[in-house]
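**Student:** got a predicted structure plus its sequence, pasted below:
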Amino acid sequence: MTIRVHHLNKSRSQRIVWLLEELGLPYEIVRYQRDAKTNFAPPELKKIHPLGKSPLLEDDGELIEESGAIAQYLCDRYGEGRLQPEPGSKAALKHLQLMHFAEGSAMLPLLLRIYVSRLGDGGAPLHGRIDGEIVSYFDYLEGILQPSGFFIGDDLSAADIMLSFPVILATQQPEGQRWPKLKAFVESIKARPAWQRAMAATEG
Ligand SMILES: N[C@@H](CCC(=O)N[C@@H](CS)C(=O)NCC(=O)O)C(=O)O
């Protein structure tokens, strides 16, 4: 059975398609379009999963949610050692942390900024904290980016793929100029043929 990605336009599921392209796996995409006014997913996605969020992956009779879990599943099942450090190594421990950091930490202040901006002046008491968290998290990522240009070792890993979404968003923020290494990371991933194939397949 072909791997199937339920993809919402302009969403985190881009990186799952990118990962599939990096691994050279065959897959098909089921497309969903955000509502033009609310930006929410269409109700059809709730027919696949009660939360109606993307990405969702179907493989071998299983429906898998959460981009980090999907990325880990694909690497474990089909990676043959690619996109992950040697199991049990120090790099693998760091990799595990960054895989979770992407959704568990880095996304939160970025999402808060989007939501709180809708409160207008009422959101002002929260701005300082949100701004501070964005600077803190992405200064941290800027600091740990390796001389190789990747977050772990010398090659692209699933952690780079997971971090790509928050890092792209962060570099588009007003503070973006603080993070030249993260900007270079974004440029380098966008130059990858697998990224370009994924973007053509998802947003093209
Ligand atoms: N932590 C989840 C987040 C899933 C999520 O919130 N996806 C967004 C797209 S980036 C979504 O489906 N939003 C549509 C909606 O909430 O209506 C993951 O990484 O898979």
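**Tutor:** Great, that's in hand. Nothing here was measured: the structure is a model prediction, and the numbers come from that model.

**Student:** now do the helices in this protein.
**Tutor:** Secondary structure of the chain (DSSP state H): helices located at 13-23, 44-48, 67-78, 90-101, 107-117, 124-144, 158-171, 180-190, 193-202.

**Student:** redo these as a markdown table? Include mean pLDDT.
**Tutor:** Below are the helices of the chain laid out as a markdown table (pLDDT from 0 to 100):
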| stretch | mean pLDDT |
| --- | --- |
| helix 13-23 | 97 |
| helix 44-48 | 97 |
| helix 67-78 | 98 |
| helix 90-101 | 98 |
| helix 107-117 | 97 |
| helix 124-144 | 98 |
| helix 158-171 | 98 |
| helix 180-190 | 98 |
| helix 193-202 | 97 |
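
**Student:** may I see the buried residues of stretch 41-55?
**Tutor:** 41, 45, 48, 52, 53, 54, 55 (16 or more other Cβ atoms under 10 Å). C-beta: built from backbone N, CA, C; applies to glycine.

**Student:** now for residue 92: which residues touch it?
**Tutor:** By Cβ atoms under 8 Å, 6 or more residues apart in numbering, residue 92 lies in contact with 84, 85, 86.

**Student:** likewise residue 130?
**Tutor:** Neighbours of residue 130 in contact, by Cβ under 8 Å, 6+ apart: 109, 112, 113, 116.

**Student:** closest to the ligand out of these?
**Tutor:** The ligand lies nearest to residue 112 out of these, by Cβ to the nearest ligand atom, at 13.7 Å.

**Student:** ok, that closest one - contacts?
**Tutor:** By Cβ under 8 Å, 6+ apart, the neighbours of residue 112 are 126, 130, 133.

**Student:** related to what we said a few turns ago, among the buried residues of stretch 41-55, which two are most distant?
**Tutor:** 52 and 55 (12.1 Å; Cβ to Cβ).

**Student:** rewinding a little: which of the contacts of residue 130 count as buried?
**Tutor:** By 16+ other Cβ under 10 Å, those give 109, 112, 113, 116 as buried.

**Student:** just put the residues you listed in TSV and tack on distance to residue 137.
**Tutor:** TSV is the format used below for those (distance: Cβ to Cβ, whole Å):
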residue	distance to residue 137
109	6
112	12
113	12
116	16
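
**Student:** and the furthest pair within those residues?
**Tutor:** It's 109 and 116 that sit farthest apart of the buried ones among the contacts of residue 130, by Cβ to Cβ, at 9.9 Å.

**Student:** domains in this protein, by residue range?
**Tutor:** Following automatic domain parsing, one finds the domains of the chain at 3-83+193-203, 90-190.

**Student:** now render those domains as JSON lines, adding distance to the ligand.
**Tutor:** Shown next, in JSON lines, are those (distance: least, Cβ to the nearest ligand atom, whole Å):
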{"stretch": "domain 3-83+193-203", "distance to the ligand": "4"}
{"stretch": "domain 90-190", "distance to the ligand": "4"}
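
**Student:** contact partners for residue 141?
**Tutor:** Counted by Cβ under 8 Å, 6+ apart, residue 141 has contacts 106, 151, 163, 167, 170, 179, 182.

**Student:** swap the cut-off to 10 Å and go again
**Tutor:** 98, 101-102, 105-106, 151, 163, 166-167, 170, 179, 181-182, 185 (Cβ atoms under 10 Å, 6 or more residues apart in numbering).
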